[in-house]
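1. quick one, structure for this:
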Amino acid sequence: MVLPAMAALILGTLFSGLLMFSTASLHYAVEQAARCYSVNVSQCTSASQTSTYAQNQYYGVSNPTFTVSTPSCGHQVNGTLTFVLNAGITKWNVPLSATSCFP
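-> Numbering: from 1, shown residues only. Predicted coordinates for the structure are as follows:
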C-alpha cells in the first residue's frame, strides 16, 4: 500500500534533481560560451563555433539550441530547450532558457 506512494516520491525527487541539473548546466554553458566569444578569439571566432562550444559545455539530458549575437551589451549567447517531465500517466514539457552577455 505504501510502495506506490514511495516509488512516486522517489521518482519525483529524481526528476526534480535532473531538471535542476539541466537548468544549471544550461546557465553554465551560455556563460562560458559568451565569455569564450569575447575573450578567447582563437577558439570562438564565429557564431557557429561559439554555438558548438556551448553545446560541448552543456551536460544535461536534452539537446538545447544555442543562438549567438552581438547586441550593445557585448557578445550574447541564448540557450533554449524543452525538458520532458515524464510522470508515467502524463508528460509535462518544461521550457528552459538562459541568456548571458559578456562585454
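
2. to which secondary structure element is the residue nearest to the spatial centre of the chain assigned?
-> The residue lying closest to the centre of the chain (CA atoms, centre = their mean) is Leu26, at 2.3 Å. Per DSSP states H and E, Leu26 falls inside helix 3-39.

3. what's the next secondary structure element after that helix?
-> Helix 3-39 is succeeded, C-terminally, by helix 47-57 (DSSP H and E).

4. pLDDT (mean, whole number) over stretch 2-16?
-> For stretch 2-16, mean pLDDT is 89.

5. what lies in contact with it?
-> 85-86, 88 (CB atoms under 8 Å, 6 or more residues apart in numbering). Every C-beta, even on glycine, is put in place using the N, C-alpha and C of the backbone.

6. save the residues you listed as a markdown table, and put in pLDDT, neighbour count and distance to Ala47 too.
-> Listed next are the contacts of stretch 2-16 as a markdown table, based on pLDDT from 0 to 100; neighbours: other CB atoms under 10 Å; distance: CB to CB, whole Å:
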| residue | pLDDT | neighbour count | distance to Ala47 |
| --- | --- | --- | --- |
| Leu85 | 86 | 14 | 31 |
| Asn86 | 81 | 10 | 34 |
| Gly88 | 75 | 8 | 40 |
